[in-house]
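J.: What follows is a predicted protein model with its sequence.
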Amino acid sequence: MKRLLSALMLVALASSGEAQQPAKGQKYALLIGVRKYTSTELTPLEYTENDVRVLAGVLRGAGFKRVVLMTQKDGAEEPRYLPKAPNIRRELKTLLQNCKPRDTVIVAVCGHGVQFRGSDEPYFCPMDTALKNKKTLISLSEVYQALSDCKAKTKVLFSDSCRNDPLPSNTRTALGKQIFAPTDNKRKTPPRNVIAVFSCAAGEVAYESAKLKHGVFFHFLIEGLRGKAAPRNSTEVSLGALVDYVQREVRGYVKKVVSKTARQQPEVVGRWEGVVKLLTIGKVSTGPDPRKQRDTLDKGRTLVNAKEYKEAIALMGEIIKNDASCA
């Protein structure tokens with residue numbers, strides 16, 4: 001009888017422990033891509049819709065509970081998803097208001113960004129942008145505040161809204177003195193537990209690529225989330241590894257394909273503690289560890305600067321041996 005009671009107590013304790021395990025957090029995303037604007041307001045962009053549509057597929061495949069996609073193509077079928085300012089504000093509020101503390105939220109914006117003379121506030125431009133009416137724009141502070149109010153533990157903003165030369169030629173003379181692509185080198189600090197990753201440093205160009213059919217930043221962001229940013233023999237893509245991968249690949253691609261003097265350096269603003277896991281990929285990564293590749297590259301650059309070329313060649317050769325695409 002004592003043995004039976006002991007066994008029943010163990011089962012009860014095990015069941016109680018399972019019941020007390022914290023619920024696994026859910027993942028949510030709001031992805032906004034604007035391709036066409038009123039012709040007298042802003043120039044069109046080629047690959048913004050493709051950027052967010054492909055990203056949506058990656059996140060859905062990785063088990064995100066809800067992915068809201070706002071593009072002009074999706075909005076043609078369901079008007080609430082047209083990337084207009086009121087729609088964006090509504091969908092952002094709806095997505096964030098019911099998040100729980102263990103949840104993860106990704107917000108991605110892809111389109112033109114502008115800044116007004118005399119202000120350090122950058123704005124994202126929805127499809128209904130009227131530059132003389134700031135209510136038709138979405139300020140970075142507005143997005144930060146919405147994310148700050150959200151209870152989710154992990155909140156990440158991916159912003160590719162600094163694409164170059166936003167004004168049409170017929171309005172450039174009239175508006176160029178008041179409105180321009182964001183150039184303030186000092187980024188606004190996001191609230192606690194909010195991390196923002198920008199496609200380029202302020203004042204730089206965020207390039208699009210006809211070959212990639214994407215913005216360069218989004219192409220490598222997507223590739224990183226598909227698994228190329230995951231450490232070797234791992235199924236997890238963390239924020240830190242993703243940022244390392246995207247910064248390295250974007251910088252290298254632009255110099256190689258655009259020109260040796262071209263510069264696009266994605267920036268991350270905000271702080272996080274520990275490992276922030278963004279998603280789990282379907283297959284174990286068997287490629288080279290991105291962090292080790294980066295460390296080896298940094299050592300190689302140091303040797304080049306010191307004119308120790310033989311040692312530098314040996315280290316660079318190690319990178320190419322592990323990943324021929326780095327050649």
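T.: Noted; the coordinates are in hand.
J.: Partner strands of the helix or strand hosting residue 237 and their direction?
T.: For residue 237, the enclosing helix or strand under DSSP states H and E is strand 236-238. Sheet pairing here is set by DSSP bridges, and for strand 236-238 it gives strand 277-280 (antiparallel).
J.: buried stuff in the partner strand?
T.: Residues 278, 279 are the ones in strand 277-280 that count as buried (16 or more other Cβ atoms under 10 Å). C-beta here means a position set from N, CA and C on the backbone, and glycine is covered the same way.
J.: Run a quick check on residue 55 versus residue 223, I expect a contact.
T.: No: the pair residue 55 / residue 223 is not scored as a contact, 10.8 Å apart, by Cβ atoms under 8 Å.
J.: Which one's more surrounded, these two?
T.: The neighbour comparison of residue 55 against residue 223 (other Cβ atoms under 10 Å) goes to residue 55, with 24 against 17.
J.: Quickly list the domain ranges of the chain.
T.: 24-281, 288-327 (automatic domain parsing).
J.: Walking through the stretch 51-200 of the chain, point out its helices one by one.
T.: Per DSSP state H, counting those that start in this stretch, the stretch 51-200 of the chain carries helices over the ranges 72-77, 85-97, 140-149, 169-175.
J.: closest to residue 131 out of those?
T.: helix 169-175 (6.5 Å; Cβ to Cβ).
J.: Let me see the mean pLDDT of that closest one.
T.: Here helix 169-175 scores 41 as its mean pLDDT.
J.: center of this structure, which residue is that?
T.: By Cα atoms, centre = their mean, the mean C-alpha position of the chain lies nearest to residue 158, the distance being 2.9 Å.
J.: so that residue touches residue 108, yeah?
T.: Yes: at 4.2 Å, residue 158 counts as touching residue 108 under the criterion of Cβ under 8 Å.
J.: Provide the partner residues of the residue nearest to the centre of the chain in its beta bridges.
T.: residue 108, residue 197.
J.: Identify the residues contacting residue 96.
T.: 105, 146, 147, 149, 150, 152 (Cβ atoms under 8 Å, 6 or more residues apart in numbering).
J.: Find the nearest non-adjacent residue to the second one, please.
T.: Closest residue to residue 146 apart from its sequence neighbours, by Cβ to Cβ, 6 or more residues apart in numbering: residue 92 at 5.4 Å.
J.: Contact partners for that neighbour?
T.: 30, 107, 143, 146.
J.: quick one on the thing from earlier: against residue 86, how distant is the residue nearest to the centre of the chain?
T.: 22 Å (Cβ to Cβ, to the nearest Å).
J.: What of residue 125?
T.: Applying Cβ to Cβ to residue 125 and residue 86 gives a distance of 14 Å.
J.: Need the pLDDT of residue 230.
T.: Value listed for residue 230 in the pLDDT field: 90.
J.: Quick one: neighbours of it, just the number.
T.: 27.
J.: Quick one: neighbours of the nearest residue in space to residue 99 that is not next to it in sequence, just the number.
T.: Of all residues not flanking residue 99 in the chain, residue 152 sits nearest, at 4.0 Å (Cβ to Cβ, 6+ apart). As a burial measure, residue 152 scores 23 neighbours (other Cβ under 10 Å).
J.: What are the phi and psi values at residue 152?
T.: phi -60, psi 150 (degrees, to the nearest 10).
J.: quick one: it and residue 104 touch, right?
T.: Yes: judged on Cβ under 8 Å, residue 152 makes contact with residue 104 at a distance of 6.3 Å.
J.: joint contacts of those two?
T.: With Cβ under 8 Å, 6+ apart as the test, residue 152 and residue 104 both reach 25, 28.
J.: Show me the shaky parts of the stretch 51-200 of the chain.
T.: 162-186 (pLDDT under 70).
J.: how far is the strand or helix carrying residue 252 from where the chain is centred?
T.: Assigned by DSSP H and E, residue 252 falls within helix 239-253. Offset of helix 239-253 from its chain centre (Cα atoms, centre = their mean, to the nearest Å): 11 Å.
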